[in-house]
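Engineer: I'd like to go over a predicted model; first the sequence, then the structure.
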Amino acid sequence: MFICAVAQAQSIFQHFSTSKVWFHQSITFAFLNPMSQSKPIKSALISVYYKDNLEPIIKKLHSQNVTLYSTGGTLSFIEKLGIPVIAVESLTNYPEIFGGRVKTLHPAIFGGILNRRDNPTDILEKEQHHIGDIDLVIVDLYPFEETVASGASDADIIEKIDIGGISLIRAAAKNFNDVLIVSTRHDYADLLNLLQTKNGKTDLADRKRFAAKAFATSSHYDSAIFNYFNKTEKLTQFKQSIQHGQVLRYGENPHQQGIFYGNLDAMFTKLNGKELSYNNLLDVDAAVALIGDFKDSDPTFAILKHNNACGLATRPTLLEAWNAALAGDPVSAFGGILITNKEVDAETAKEVTKLFCEVIIAPSYNAQALEILKSKPNRIILTQNEVELHHRSFRTLLNGVIEQDKDLKSETAKDLQTVTTKGPSASEVNDLLFANKLVKHTKSNTIVLAKNGALLASGTGQTSRVDALRQAIAKAQSFNFDLNGAVMASDAFFPFPDCVEIAKNAGITAVIQPGGSIKDKDSIDYCNANGMSMVFTGNRHFKH
């Protein structure tokens, strides 16, 4: 039943958000009931958890002779303002019970909200049962998500599942023809402006707009509760809701619309530059994921284009890391996304600013470095904040959505199984682990070549692993890199020994791969016969 309720709430919100339906029904109501277009607010029910910025609204309603009803803490808040307010209990003739779990769940309240003002039967029943109209409902919900995030106990979390509030929101939103619903403190300014500009009256467009917001609130809330329960129940139901949305200039291409759903201000502090584009966001996401695997490493710099790293290096200083990363592919680096795991200093900033880049991301910047980087007004400069990221990923596919755990596995030396007679040296182990971190974040099929803590070249997104290797070798050679003593990482196993043979002929001495092919022995035998070392990780790292 709960899953059905969540689905119903989401369906209702989507209905209200469809502009054509909105316009058509508004015209229909206007034709059938012209008087519904403008209605005075004569009575209001106010019961909120958050009281910030509520005072001006209370005072404005009072000045417009609106009768106020309230409960609990909100009642006390209004009384302290010296403004007349009527306790809900005087309407219901029933006290709050069960520790406040039941306050407003009563026909006198819901009848006042749900009765249709122009329905003859409703009018008669309202008079028969002495039910007064409620024209405005201001109610928010217990902070369920905040309580979950705080690490509270299950008992405390359950108590933050709102019952009365969510019921009031749905009731008032359903009867938007007659009632205005304000379901979140974020709409207080909008409400106050409405009260001031329309002198305490609302029209149908106002009420329907607030109703759409209300169903967005209720569907999001129910989705959050379902996902909390589903952490243990593991029902195969997909429910995701994000309240923040930012319209982008366009999508992947200018003829496509783009919207980002999420709170970028929580993720980053923007210090300079224009707004992030759709393609910027894709690259920034890839950059953040990549640098996350180097969070505790020595100074590391990465340069990304089209979601793949074209430069990556770890060095004793940040300037050295930048120079080594840029050397990996100074051509592709133009217009790239830069990210580092350390504070940017002035010396590094001077070198970085010689290259045109779209975005630079770092944990922090010293004052002089920031001044240097700001010399380009359109350069987007971001400080990455400490935010816990989702451990699941999903995307639309066919007529549905596909979801999976994120690939958060990052191998260490303990995970390596040496399968050749000759084992890798200590420096080769470091390079193998370095290359293996990068191969996880590169589009499959991929081969990564690395040496001395730096990316030499990668073959990305190839339909053949052999083609990926040849692409990587050709690219490394085009920048005059010496591949003798370099290592090779593969995102998946080698079905044939051809890749290790090509690698050997290019000068590569050590290989890291998942293993698992029925022909692993062929590759191992070739390595043994040619003095190469190979390690298995047991973990494939496809990225599509």
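Structural biologist: Alright, I've got the coordinates.
Engineer: and the pLDDT for the residue sitting furthest away from the middle of the chain?
Structural biologist: Relative to the centre of the chain, and counting by CA atoms, centre = their mean, the farthest-placed residue is Q128 at 51.1 Å. If you check Q128, the pLDDT there is 93.
Engineer: do you know how far it is from Y69?
Structural biologist: Using CB to CB, to the nearest Å, one obtains 21 Å as the distance from Q128 to Y69. Every C-beta, even on glycine, is put in place using the N, C-alpha and C of the backbone.
Engineer: ditto for T418
Structural biologist: Going from T418 to Y69 by CB to CB gives 75 Å.
Engineer: higher neighbour count, those two?
Structural biologist: Y69 (25 against 13; other CB atoms under 10 Å).
Engineer: name the element that one belongs to?
Structural biologist: According to DSSP states H and E, Y69 maps onto strand 67-70.
Engineer: neighbouring strands for that strand, and are they parallel or not?
Structural biologist: Counting by DSSP bridges, the strands paired with strand 67-70 are strand 43-47 (parallel), strand 86-87 (parallel).
Engineer: other SSEs contacting the lengthiest helix in the chain?
Structural biologist: Using DSSP state H to assign secondary structure, the helix with the most residues in the chain is helix 204-233. Secondary-structure packing of helix 204-233 (3 or more CB pairs under 8 Å, 6 or more residues apart in numbering; DSSP states H and E): helix 2-16, helix 19-32, helix 144-149, helix 164-174, strand 180-182.
Engineer: for that helix, what is the distance to the chain centroid?
Structural biologist: 17 Å (CA atoms, centre = their mean, to the nearest Å).
Engineer: what about stretch 236-255, start to end distance?
Structural biologist: End-to-end distance of stretch 236-255 (CA to CA, to the nearest Å): 35 Å.
Engineer: what does stretch 484-496 give?
Structural biologist: Rule used - CA to CA; the end-to-end distance of stretch 484-496 is 23 Å.
Engineer: got any ranges where the protein has weak pLDDT?
Structural biologist: 1-36 (pLDDT under 70).
Engineer: report the central residue of it.
Structural biologist: G262 (4.3 Å).
Engineer: just checking, it touches H244?
Structural biologist: Yes: using CB atoms under 8 Å, G262 is in contact with H244, at 6.0 Å.
Engineer: OK, contacts around P377?
Structural biologist: Residues near P377 by CB atoms under 8 Å, 6 or more residues apart in numbering: 272-273.
Engineer: that one belongs to a strand?
Structural biologist: No: read with DSSP: H, G, I helix; E, B strand; the rest coil, P377 is coil and lies in no strand.
Engineer: backbone dihedrals for it, please?
Structural biologist: Per-residue torsions, P377: phi -60, psi -30 (degrees, to the nearest 10).
Engineer: where's it relative to T509, distance?
Structural biologist: Relative to T509, and taking CB to CB, P377 is found at 47 Å.
Engineer: how far away is the closest residue in space to F144 that isn't next to it in sequence from L204?
Structural biologist: Leaving aside its sequence neighbours, F144 sits nearest to K160 (CB to CB, 6 or more residues apart in numbering; 4.7 Å). To L204, K160 is 34 Å away according to CB to CB.
Engineer: likewise for N436?
Structural biologist: Separation of N436 from L204 (CB to CB) stands at 61 Å.
Engineer: repeat that for E275.
Structural biologist: Applying CB to CB to E275 and L204 gives a distance of 34 Å.
Engineer: give me the more crowded residue out of those two.
Structural biologist: The neighbour comparison of E275 against L204 (other CB under 10 Å) goes to L204, with 20 against 13.
Engineer: my read is that the more buried one contacts V179, right?
Structural biologist: No: the pair L204 / V179 is not scored as a contact, 11.4 Å apart, by CB under 8 Å.
Engineer: on that earlier part again, ok, which of the strands paired with strand 67-70 comes nearest T314?
Structural biologist: Checking the strands paired with strand 67-70 against T314 by CB to CB gives strand 43-47 as the closest, at 56.2 Å.
Engineer: now that closest one against helix 164-174, angle please.
Structural biologist: Angle between the axes of strand 43-47 and helix 164-174 is 150 degrees (criterion: axes from the mean of the first three to the mean of the last three CA atoms, to 10 degrees).
Engineer: now tell me what touches strand 43-47 from outside.
Structural biologist: With CB under 8 Å, 6+ apart as the test, strand 43-47 has contacts from 54, 58, 61, 66-72, 74, 78, 88, 103-104, 109, 112-113, 132-139, 164-165, 168.
Engineer: sort out which residues of it are buried, please.
Structural biologist: 43-47 (16 or more other CB atoms under 10 Å).
Engineer: list the contacts for the nearest residue to I372 once chain neighbours are set aside?
Structural biologist: Distances taken as CB to CB, 6+ apart place A349 nearest to I372, at 4.2 Å, with adjacent residues excluded. With contact set as CB under 8 Å, 6+ apart, A349 has these partners: 365, 368-370, 372-373.
Engineer: from L355, how far out is A349?
Structural biologist: From A349 to L355 the distance is 11 Å (CB to CB).
Engineer: and T74, which helix or strand is it part of?
Structural biologist: helix 72-80.
Engineer: and that helix, how far from the chain's centre?
Structural biologist: The chain centre lies 37 Å from the centre of helix 72-80; the measure is CA atoms, centre = their mean.
Engineer: list the buried ones in it?
Structural biologist: For helix 72-80, the neighbour count (16+ other CB under 10 Å) marks 74-75, 77-78 as buried.
Engineer: list the helices and strands it packs on?
Structural biologist: Under the contact rule (3+ CB pairs under 8 Å, 6+ apart), helix 72-80 is packed against strand 43-47.
Engineer: ok, E55 touching I83?
Structural biologist: No: assessed by CB under 8 Å, E55 is found out of contact with I83, at 9.5 Å.
Engineer: then whichever helix or strand V288 is part of to CSV, C-alphas only?
Structural biologist: In the assignment (DSSP H and E), V288 maps to helix 278-292. Taking Å, rounded to 0.1, in the frame of the first residue of the first chain, the C-alpha atoms of helix 278-292 are listed here in CSV:
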residue,chain,number,x,y,z
TYR,A,278,25.6,20.1,-19.3
ASN,A,279,28.9,18.9,-20.7
ASN,A,280,30.8,20.7,-18.0
LEU,A,281,28.8,18.8,-15.4
LEU,A,282,29.5,15.4,-17.1
ASP,A,283,33.2,16.1,-17.0
VAL,A,284,33.1,17.5,-13.5
ASP,A,285,31.4,14.4,-12.3
ALA,A,286,34.1,12.2,-13.9
ALA,A,287,36.8,14.4,-12.4
VAL,A,288,35.4,14.2,-8.9
ALA,A,289,35.1,10.4,-9.2
LEU,A,290,38.7,10.1,-10.4
ILE,A,291,40.3,12.3,-7.9
GLY,A,292,38.4,10.6,-5.1
